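**Student:** Okay, sequence plus prediction incoming.
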Amino acid sequence: MKIINSNDIINLTYQLCLEANTQIPQDIYEIIYKKYKAANNKHQKEKLYNILKNIEIASKTQRPLCQDTGQVIVFVEIGTKIETEIDDIEKAINSGIEKAYKECFFRKSVVKNALFDRTNTNTNTPAIIYTKITNSNKITIELTVKGAGSENYCKTNMFKPTSKKEEIFDFVKNCIKDAGEKACPPLVIGIGVGGTMDKAAVLSKQAFNEIKNTKEEKDFITDLKNYLSDINDEILDIKIATTSTHIASLPVAVTINCHCYRHAKGSIENEKVTYENKTTKVKNIPNISTELKKIKTNEIEKIKDLKAGETFLLTGEIYTARDAAHEKLLKIYLENKKLPLNLKDKIIFYAGPCPAAPNEVIGPIGPTTSARMDKFCEFMYSNGLLATIGKGERAQQAINEIKKHKGKYFTAQGGIACLLAKCVKSSEIILFDELGTEAIRKLYVEDFPLKVEI
């Protein structure tokens, strides 16, 4: 019998991180492709086409589907009939994640403490790890990569025991609607029901694993899909996990997952290490020919004349800045009444790319949720900012500030980071290098596809 050691766990976790970040499960790909073929709406068809092309690039190059290579969530089952030389299995798992994220040039997005120290650990660890002891002779690891754009719209609700299933259906529907474009639809939904509030939340993540549903669970999902038929375009699949609970409780949690459904599974049993080693089998899809208006970033009046709803291709210099960079800029401004970057007629892209691999100008890059920067709109636009680029809806106060200063807000499609990276021809960090992915970069983009929202 093989004695399992820490290196076995490190190597398996490394491989699972690589697979989850670069290869989409085949069943999810087939659902996306089916939706693409059936799409009658031009905008929806173009959106799904971009997703499929992004999957193709990521699969072939083994680069991340999304720039947000996320929080790693790990479910581990440890058999009691195995022999190990592992002192600390969580340490081994985290070592495998750290190794994968460094060597594969994945973005590191984990901070040391959510409340008191938001310094990046620069390892993408610690992971969220759940451990279960089983009566078996193997170790099984199921790993999910979860981006914040969708995670920030997950919800838990404590229903009354007598609540009807339609009340739960309404809760799920409202979660999906609230997430909107911010979560990069179409979405995979995980539902957890039972236990306590925290258990239901874990179950909603565990639902993404390879679990066998009961007939009752399958019927529940069928009924829910029928209930949500009017927003079918926003949904790829729905998964569920249920368990026991207190007589006075009915906890329900909903985990929102974007179309970059990133999951991998592997095991170590006797002499054999098993994982899918999957490569997404993509289909040959003819190019969609779209004639779009082309605008350069120095054509200020043309940009100001753009109307809401228009789509166009942008060429020229833009700058990246996210939450941490905005906070630093504001602090400097309040202290000195001047800025280290002249914002007059500049365009800010809310983005934090993956590190560039040796053959890349920039790693996979895409928009982050614009709503997080809403509180900075008055400060940024009043200092001459021309436009921002992000994803999702903005608060009314932010909309008012943008309009007040005659600014613009554009959106880029989320979840197509490999595709958008091809539009970036140069990249240079110009401020706040210590922020890593959140540093301010000057980019030169060519034919960068955008939609006018404001």
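**Tutor:** Structure's in. What do you need? Numbering: from 1, shown residues only.
**Student:** what's near enough to touch the spatially most central residue of the chain?
**Tutor:** For the chain, the residue whose C-alpha lies nearest the mean C-alpha position (CA atoms, centre = their mean) is G147; its distance is 3.3 Å. Residues counted as contacts of G147 (CB atoms under 8 Å, 6 or more residues apart in numbering) are 66, 68-71, 184, 258, 260. (Glycine included, C-beta is placed from N, CA and C.)
**Student:** Grab the longest helix from the protein for me.
**Tutor:** Ordering each helix of the chain by length in residues (DSSP state H) puts helix 42-61 first.
**Student:** so for the helix or strand that that helix is followed by, what's the average pLDDT?
**Tutor:** Going down the chain from helix 42-61, the next helix or strand is strand 71-79, by DSSP states H and E. Averaged across strand 71-79, the pLDDT comes to 96.
**Student:** Check stretch 430-440 too.
**Tutor:** For stretch 430-440, the per-residue pLDDT averages 96.
**Student:** ok, now stretch 115-124?
**Tutor:** The model assigns stretch 115-124 a mean pLDDT of 96.
**Student:** And for stretch 240-256?
**Tutor:** Mean predicted lDDT for stretch 240-256 stands at 98.
**Student:** What of stretch 320-336?
**Tutor:** Stretch 320-336 comes out at a mean pLDDT of 96.
**Student:** Neighbour count and distance to E301 for the contacts of G147 - can I get that in JSON lines?
**Tutor:** What follows is these, written out as JSON lines (neighbours: other CB atoms under 10 Å; distance: CB to CB, whole Å):
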{"residue": "C66", "neighbour count": "28", "distance to E301": "35"}
{"residue": "D68", "neighbour count": "29", "distance to E301": "35"}
{"residue": "T69", "neighbour count": "31", "distance to E301": "39"}
{"residue": "G70", "neighbour count": "26", "distance to E301": "40"}
{"residue": "Q71", "neighbour count": "18", "distance to E301": "43"}
{"residue": "C184", "neighbour count": "28", "distance to E301": "33"}
{"residue": "C258", "neighbour count": "27", "distance to E301": "36"}
{"residue": "C260", "neighbour count": "30", "distance to E301": "38"}
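**Student:** The residues you listed into TSV, with extra columns for distance to E393?
**Tutor:** Putting the contacts of G147 into TSV (distance: CB to CB, whole Å) gives the following:
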residue	distance to E393
C66	20
D68	19
T69	25
G70	22
Q71	24
C184	13
C258	16
C260	20
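**Student:** from those, which is closest to I4?
**Tutor:** Q71 (26.0 Å; CB to CB).
**Student:** How about the closest one: which residues does it bridge to?
**Tutor:** Beta-bridge pairing for Q71 (DSSP bridges): K146.
**Student:** helices and strands of the chain: which one has the lowest mean pLDDT?
**Tutor:** strand 272-275 (a mean of 78; mean pLDDT, DSSP states H and E).
**Student:** on that earlier part again, ok, and the closest non-adjacent residue to the residue nearest to the centre of the chain?
**Tutor:** Leaving aside its sequence neighbours, G147 sits nearest to D68 (CB to CB, 6 or more residues apart in numbering; 3.8 Å).
**Student:** S150 is in contact with the one you found, correct?
**Tutor:** No: at 9.2 Å, D68 does not count as touching S150 under the criterion of CB atoms under 8 Å.
**Student:** thinking again about what came up before, give me every residue that touches the residue nearest to G147.
**Tutor:** For D68, counting by CB under 8 Å, 6+ apart, the contacting residues are 107, 109, 147-149, 352, 366, 368.
**Student:** Next one: it from P367, what distance?
**Tutor:** 10 Å (CB to CB, to the nearest Å).
**Student:** How about P251?
**Tutor:** Distance from P251 to P367, by CB to CB: 33 Å.
**Student:** With neighbour numbers in mind, choose between these two.
**Tutor:** P367 (29 against 22; other CB atoms under 10 Å).
**Student:** And the more buried one, how far from K337?
**Tutor:** P367 is 31 Å from K337, by CB to CB.
**Student:** returning to that earlier point: return the subset of the contacts of D68 lying in helices.
**Tutor:** 148-149.
**Student:** what about G192, distance to A183?
**Tutor:** Following CB to CB, the distance that separates G192 from A183 is 18 Å.
**Student:** next one: I365
**Tutor:** 18 Å.
**Student:** again with Y444
**Tutor:** Y444 is 30 Å from A183, by CB to CB.
**Student:** now swap in K293 and tell me
**Tutor:** For K293, the distance to A183 - CB to CB - is 28 Å.
**Student:** coming back round to it: check which element follows the least confident helix or strand of the chain along the chain.
**Tutor:** Counting by DSSP H and E, what follows strand 272-275 is strand 293-296.
**Student:** quick one: strands adjacent to that following strand?
**Tutor:** Counting by DSSP bridges, strand 293-296 is paired with strand 311-320 (parallel).
**Student:** Centre of the chain to the strand it pairs with, how far?
**Tutor:** 22 Å (CA atoms, centre = their mean, to the nearest Å).
**Student:** show me what contacts the nearest residue to V254 once chain neighbours are set aside?
**Tutor:** Leaving aside its sequence neighbours, V254 sits nearest to C175 (CB to CB, 6+ apart; 4.5 Å). Contact analysis of C175 by CB under 8 Å, 6+ apart lists 153-155, 189, 254, 256.
**Student:** tell me the phi and psi of C175?
**Tutor:** The phi and psi values for C175, taken as degrees, to the nearest 10, are phi -60, psi -40.
**Student:** From here on, call the first residue 543.
**Tutor:** Noted, 543 is the first residue going forward, which turns the last one into C717.
**Student:** got a pLDDT number for it?
**Tutor:** Confidence score, pLDDT, at C717: 97.
**Student:** measure it to F974 for me?
**Tutor:** 34 Å.
**Student:** Next one: K879 from N925, what distance?
**Tutor:** Taking CB to CB, one finds K879 at 11 Å from N925.
**Student:** Repeat that for D847.
**Tutor:** 22 Å.
**Student:** okay, these two: which has more neighbours?
**Tutor:** Neighbour tally, D847 and N925, criterion other CB under 10 Å: the higher count belongs to N925, 17 against 11.
**Student:** Excluding chain neighbours, give the residue nearest to that one in space.
**Tutor:** Counting by CB to CB, 6+ apart, the residue nearest N925 is L885, at 4.5 Å.
**Student:** pretty sure the one you found contacts G926?
**Tutor:** Yes: the criterion here is CB under 8 Å, and L885 meets it with G926 at 4.9 Å.
**Student:** Fine by me, thanks again.
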